[in-house]
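sequence? don't have it. structure:
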């Protein structure tokens, strides 16, 4: 796996995030344990698509957009703490576990995207999508995201 990030992420991660390994919350552990399902040409959290039936091909211009919309998690909703540094640390730990799951389960390449607002670390979310030709979610130059810290994990 490879990681890419913008300077906002580099600055905040070196200042705030602990060097110790974070134990995922029970709800995030459940999401990893339930896995990812391939459906209608896209990849989605199994647990989430069981609860929310949808038709990805009719709503979005491409599958990457569908995956990023339906696979968006707000980490603060899955953690027992309201501490912003803890929430972001949990997000980083979850993003890395998710990347491992995707790499071990499927023989295709994915991007796991973690983003948080630099002025409100509690606003931490994760998305993922399969890497496809001519489909992108983010602009290539991550420095264009001036108010967000961005981490991308490539599988």
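Ah, there it is. Model, not experiment: these values are computed from the prediction.

only C-alpha atoms for contact and neighbour calcs from this point on.
Will do.

ranges for the helices of the chain?
7-16, 26-34, 46-51, 56-59, 63-70, 84-105 (DSSP state H).

could you dump those into a markdown table and include mean neighbour count and distance to residue 149?
A markdown table is the format used below for these (neighbours: other C-alpha atoms under 10 Å; distance: least, C-alpha to C-alpha, whole Å):
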| stretch | mean neighbour count | distance to residue 149 |
| --- | --- | --- |
| helix 7-16 | 15 | 4 |
| helix 26-34 | 15 | 21 |
| helix 46-51 | 14 | 26 |
| helix 56-59 | 13 | 28 |
| helix 63-70 | 20 | 17 |
| helix 84-105 | 20 | 10 |
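
least reliable of the ones you listed by average pLDDT, please.
Ranked by mean pLDDT, these end with helix 56-59 at the bottom, a mean of 58.

tell me the centre residue of this structure?
residue 126 (2.7 Å; C-alpha atoms, centre = their mean).

which non-adjacent residue is nearest that one?
residue 114 (4.5 Å; C-alpha to C-alpha, 6 or more residues apart in numbering).

run the chain-centre distance for the longest strand belonging to the chain.
In the chain, taking DSSP state E as the definition, the longest strand is strand 120-130. Taking C-alpha atoms, centre = their mean, to the nearest Å, one finds the center of strand 120-130 at 5 Å from the center of the full chain.

so for residue 121, which of the helices of the chain sits nearest?
helix 84-105 (5.0 Å; C-alpha to C-alpha).

report how many residues lie close to residue 128.
Residue 128: 30 surrounding residues under other C-alpha atoms under 10 Å.

same question but for residue 119, I mixed them up
10.

distance of it relative to residue 139?
According to C-alpha to C-alpha, to the nearest Å, residue 119 and residue 139 sit 21 Å apart.

same deal with residue 33?
31 Å.

one more: residue 4?
To residue 139, residue 4 is 13 Å away according to C-alpha to C-alpha.

ok, now which ones touch the residue lying closest to residue 1 once chain neighbours are set aside?
The shortest distance from residue 1 to any non-neighbouring residue, by C-alpha to C-alpha, 6+ apart, is to residue 155 (4.8 Å). The contact partners of residue 155, by C-alpha atoms under 8 Å, 6 or more residues apart in numbering, come to 1-2, 99-100, 102-103, 109-111.

surely residue 93 is in contact with residue 28?
No. Assessed by C-alpha atoms under 8 Å, residue 93 is found out of contact with residue 28, at 10.0 Å.

would you agree residue 94 is in contact with residue 27?
No. Residue 94 is beyond contact range of residue 27, at 10.9 Å (criterion: C-alpha under 8 Å).

done for today, thanks.
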